[in-house]
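Colleague: Generate a structure from the sequence data that follows.
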Amino acid sequence: MLESRTANKKIAFTLLQESAQLDHQKAKELMARSYIFADHLPFNPRKAFNYLRSIPINESSGAHLLLGFMYSIGLGVHSNPHKSLMHYTLAANMDNSLAKMAVGFKYMYGMDVHEDCGQAKDLYHSVATSVVHNSRVSGGHVIRNKHLWRQTDRVIQNLDKDLIDYYKFLAKKGHINACVSLGQLYYFGGFGVDRDVDTALNYLQTAAKSRNANALALLGHIYLEGSPSVGHNFTKAYQLLKASAQKRNPIAQAGLGFMYLTGKGVDIDFKDAFEYFALSSRQGWVEGIVNLGLMYMNGLGVARDYRRAIRFFTLALQSQHLLAVYHLGQLFGGGHGVAISCRTAVSHFKSVAERGVWSRELAEADNHYKNNKVLQAFMKYAFLSDMGYESAQSNSAFILENKAIDGLDIDGYKRQMVIKTMSQSMDSLFSASNVLINEIQESLFPRLESLIASNDQNNALSVESDIESKVKQLDTYCDKMEIIVNKSGPNDRPQQKMRLDQLRYDSRHLLSSLRNLHHRRVQREREEREREELLTRRFTTNSETNIAIESYYGDENTRLKSFNTNLDDMIASGSTILSGLRDQRGFLKGAHKRLIDIGNTLGMSNTVMRLIEKRGVTDRYILFGGMIIFCVLMLLIWKYLT
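Modeller: This is a model prediction of the structure:
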C-alpha cells in the first residue's frame, strides 16, 4: 500500500510539472513551494525562484508570499528586506492571510519599517476575524507550541497514536467512557487527529444508548451545528441537549443557552439563555463563561457592562478560548471598560490569527524534526518565523545552532539567520510578557480587590492562584529572554538587557502587590471571624470586678509611660533644633562683622553700610521670632497631650 501511495505521488508531481510547463500559474506556485520545502522534490531554491518570477504580478498572492520569504532570509537570492516587504505587502493587498501576518509582525516591532502599532492591529484584526468566522463556537486550531531546546535530540516521542489505538480497542469491547472519549477527540480534533464529525457521531451514538450525559450533549451539538451525514436538526438537538441538561451537564446547558440566544429551533429568550450560561459557567465550562461575557459585552438581556465582560473573557482566557481572546482584543483595542492598549489588542489578535488552518504547518515541522528530516523541518520553521510564530523562531534558531542541515550552505547565512530569529523571538516574548503584565494590572488585581472588599474568600483565593500562575509564566518568559540576551551580539545586548531587567522588576513588583493583597485578604478574613465570634458570644458578668479595674489602670499606666517617652523625645528634638538655631545666629553675627570689615576695606558708602546693618537687625528678629513660635508650639503640644 505504501508503494502504491508513493507511485501515485510521483504520478501527481509529474502531472503537476507538465502543467507548470504549460504555463499553468497555480501549478508553477505549487512546484516552487515543493522545491523550497523539499516536499516530494529535492531542495532547489533557484528553480523555485525561477518558477515564481515567471508568474504575472497580479496572478498569485501565494507567489508573492513565497518570494517575500525568499528575499527575507536570502534563500536562492541575496537577502533584501525591502523587496521582501514589497512582496509581502502585495500578497497582503490580495487578501493573503499569512502575508498580512508577516507585514503585521514587521509593523508591530518596527522590523524593516517604522513601528506602527495601529497598522499591525488592523492587519492582525483582519486575519483574526477571518479565523473566528471559519471556526466553530468552541473551535479554533490548537497550536502545538513545542520548543525543541526543551527536549533532547532523541526524546521526542508521540504516544498519542498508541493511546488512541487503546481507546479504540476498549470501544469495540463496548466500553462507554472509551466511546465518549473518542467521540470528543474526533469532534474537537487534536492530539494528531483531524476533526472528523462523522466518526465522532458513530462513537457518540453508541455511548448515547446508555444515556451518557456527555454523549447526549455532544450529539446535541453535532445536530445543532450540522454535519455532512445528518445535516442540521434543531428539534433533535434540543431534545438531546435538554435530556443531558436535566443531568446537570454543563456542555448541554451551554448548548441550550446558545439556542435561546440565537433563536435556533426555539424563540429567542435572553433570560433563559443567561440562566443556562450561568448554570454552565458555575461548573467551570468555558462555553458558558464566554457566552456570559458576550451577553454583557453586547447588552443582550442585561445592561451592557464591559468590565464584567472583560472579567468573564479573562477567566476563559485560561483555556485559550478563541472567542474570549478575540473579544478581549476588541475591548482593549477600542478602550471599552479598560484603558486603550494597542499592543495588548495586537497580541490577542495575533494569538487568534495563529490558530488558522495554516497552524497545521507547525505540527508538520515538528513531525519532520521527529523523523530526522532536519532540512524540511528547518524550512517550515523559518517560513513560520517570518509570520511571527514565536515557537518557530525559537526552533529555527535552535536547529541552526545545534544541527547540520544537509543541502543548505549556511556558513555566512547561519549567523545572519540566528540573529534574525533570536531578535524575532525576543520581540515576541517581550510582547507576550507585556500582555501578561497588563492583564494582571488592568483586570485581575481590580477583580481581586473587589472580591476582598466583598469578602468573597473562595473566588479571591482562585484569582490569587491565577495571578501567581501568570507571574510564574512571566518569569518563564524572562528566563527564555535571558538565554537570548546572553547569545545576542554586543550591539543589541545592552538594549535587550535593559528590557529584560525592566520585566524582572515588573515581575517582582507584581509579586509584592500580590503579597500585600494576600495579607489584606487574610486580615479581612480574621476580622470577619472575630466579629462573628463576638456577635455569637453570650454575655456573662465578671466574677471578679477588681480584675477589670486592675487591667484598666494597667493599660492607663502603659499609655502614660508611652506619653512620657514621646515627650522626652520631643524635648530632645527641640533642644537639638534650638542648638542649631544658636549656632546659625553665631555664624550670622560673624558674617555680619566680616561684611562690615569688608565694606570698610572697600570703602563702601554709608547707605550700603546702613542697609547691611538693617538686614542684620531683621535677621535677629526672624531668629528670635522663630524661636518664640517654636516654644509656643511645644507648649501647646504638651498641653494637648496632658
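Colleague: which intervals of the protein have sub-threshold pLDDT?
Modeller: 1-10, 136-160, 190-192, 403-425, 486-492, 537-563, 567, 580, 584-616, 642 (pLDDT under 70).
Colleague: Please parse it into its domains.
Modeller: Domain segmentation of the chain under automatic domain parsing yields 13-135, 409-534, 563-641.
Colleague: Just send the ones you listed back as a markdown table, with mean neighbour count too.
Modeller: In short, each C-beta sits where N, CA and C put it, glycine included. Output for the domains of the chain, formatted as a markdown table (neighbours: other Cβ atoms under 10 Å):
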| stretch | mean neighbour count |
| --- | --- |
| domain 13-135 | 19 |
| domain 409-534 | 16 |
| domain 563-641 | 12 |
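Colleague: Identify whichever of the ones you listed lies nearest to G329.
Modeller: domain 13-135 (6.7 Å; Cβ to Cβ).
Colleague: how long is the closest one from one end to the other?
Modeller: Across domain 13-135, the terminal residues are separated by 32 Å (Cα to Cα, to the nearest Å).
Colleague: show me what contacts N459?
Modeller: L451 (Cβ atoms under 8 Å, 6 or more residues apart in numbering).
Colleague: mind checking which helix or strand it is in?
Modeller: Secondary-structure assignment from DSSP states H and E places N459 in helix 457-487.
Colleague: repeat for S575
Modeller: With DSSP H and E as criterion, S575 is part of helix 545-602.
Colleague: Ok, N434 next?
Modeller: helix 411-439.
Colleague: and V180, how far is that from G334?
Modeller: 41 Å (Cβ to Cβ, to the nearest Å).
Colleague: These two: who's more crowded?
Modeller: V180 (24 against 12; other Cβ atoms under 10 Å).
Colleague: roughly how far apart are that one and S385?
Modeller: 39 Å.
Colleague: Please name every helix or strand in contact with the host helix or strand of L292.
Modeller: Assigned by DSSP H and E, L292 belongs to helix 286-298. With contacts defined as 3 or more Cβ pairs under 8 Å, 6 or more residues apart in numbering; DSSP states H and E, the packing partners of helix 286-298 are helix 250-262, helix 270-282, helix 306-317, helix 322-334.
Colleague: how far out from the middle of the chain is it?
Modeller: Computed by Cα atoms, centre = their mean, to the nearest Å, the chain-centroid distance of helix 286-298 equals 19 Å.
Colleague: Export only the CA atoms of that helix, formatted as PDB.
Modeller: The C-alpha coordinates for helix 286-298 follow below in PDB (Å, rounded to 0.1, in the frame of the first residue of the first chain):
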ATOM      1  CA  VAL A 286     -15.700  27.600  29.300                       C
ATOM      2  CA  GLU A 287     -18.500  28.000  26.700                       C
ATOM      3  CA  GLY A 288     -20.900  29.200  29.400                       C
ATOM      4  CA  ILE A 289     -18.300  31.700  30.700                       C
ATOM      5  CA  VAL A 290     -17.600  33.100  27.300                       C
ATOM      6  CA  ASN A 291     -21.200  33.500  26.300                       C
ATOM      7  CA  LEU A 292     -22.000  35.300  29.600                       C
ATOM      8  CA  GLY A 293     -19.200  37.700  28.600                       C
ATOM      9  CA  LEU A 294     -20.700  38.100  25.200                       C
ATOM     10  CA  MET A 295     -24.100  39.000  26.700                       C
ATOM     11  CA  TYR A 296     -22.600  41.600  28.900                       C
ATOM     12  CA  MET A 297     -20.500  43.000  26.100                       C
ATOM     13  CA  ASN A 298     -23.400  43.400  23.700                       C
END
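Colleague: And that helix, what's buried?
Modeller: V286, E287, G288, I289, V290, N291, L292, G293, L294, M295, Y296, M297 (16 or more other Cβ atoms under 10 Å).
Colleague: ok, then the element right after the helix or strand encompassing H64?
Modeller: Secondary structure assignment for H64, by DSSP H and E: helix 61-73. Sequence-wise, the next helix or strand downstream of helix 61-73 (DSSP H and E) is helix 81-93.
Colleague: quick one, what contacts L578?
Modeller: M627, F630 are the contacts of L578 under Cβ under 8 Å, 6+ apart.
Colleague: oh sorry, the question was meant for A237
Modeller: Per Cβ under 8 Å, 6+ apart, neighbours of A237: G220, H221, Y223, L224, G255, M259, K264, G265.
Colleague: Mark which of these are buried, thanks.
Modeller: Looks like these have G220, H221, Y223, L224, G255, M259, G265 buried, using 16+ other Cβ under 10 Å.
Colleague: out of these, which one sits closest to R447?
Modeller: G255 (27.9 Å).
Colleague: How about that closest one, nearest residue that isn't a chain neighbour?
Modeller: L241 (4.4 Å; Cβ to Cβ, 6 or more residues apart in numbering).
Colleague: for the one you found, phi and psi?
Modeller: Reported as degrees, to the nearest 10, the phi and psi values for L241 are phi -70, psi -40.
Colleague: neighbours of it, just the number please.
Modeller: 30.
Colleague: my guess is it meets L218, correct?
Modeller: No - if you go by Cβ atoms under 8 Å, L241 and L218 don't touch, sitting 9.9 Å apart.
Colleague: Can you pull out the residues in contact with stretch 269-282?
Modeller: Taking Cβ under 8 Å, 6+ apart as the rule, stretch 269-282 contacts 245, 248, 250-251, 253-254, 256-258, 260-261, 287-289, 291-292, 295, 300-302, 312.
Colleague: Show the buried residues in those residues.
Modeller: 245, 250-251, 253-254, 256-258, 260-261, 287-289, 291-292, 295, 301, 312.
Colleague: Now do the contacts for the residue nearest to G255.
Modeller: L216, A217, G220, H221, L224, A252, G255, L256, M259.
Colleague: out of the domains of the chain, which comes closest to R308?
Modeller: Comparing the domains of the chain by Cβ to Cβ, domain 409-534 comes nearest, at 10.1 Å.
Colleague: from the chain's centre, how far out does that closest one sit?
Modeller: With Cα atoms, centre = their mean, you get 10 Å for domain 409-534.
Colleague: Equivalent analysis for stretch 176-183, please.
Modeller: The answer for stretch 176-183 is 33 Å, by Cα atoms, centre = their mean.
Colleague: Can I get it in CSV, CA atoms only?
Modeller: C-alpha atoms of stretch 176-183 as CSV (Å, rounded to 0.1, in the frame of the first residue of the first chain):
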residue,chain,number,x,y,z
ILE,A,176,-18.8,3.6,27.3
ASN,A,177,-16.2,6.0,28.6
ALA,A,178,-13.8,5.0,25.7
CYS,A,179,-16.6,5.7,23.2
VAL,A,180,-17.2,9.1,24.8
SER,A,181,-13.5,10.0,24.8
LEU,A,182,-13.1,9.0,21.2
GLY,A,183,-16.2,10.9,20.3
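Colleague: the inter-axis angle of the helix holding N459 versus helix 306-317?
Modeller: 70 degrees (axes from the mean of the first three to the mean of the last three Cα atoms, to 10 degrees).
Colleague: and the helix or strand that helix 457-487 is followed by, what other elements does it pack with?
Modeller: For helix 457-487, the following helix or strand on the C-terminal side (DSSP H and E) is helix 493-536. On a contact count with 3+ Cβ pairs under 8 Å, 6+ apart, helix 493-536 meets helix 411-439, helix 445-453, helix 457-487.
Colleague: Out of these, which is closest to Y187?
Modeller: Closest among these, using Cβ to Cβ: helix 457-487, at 28.3 Å.
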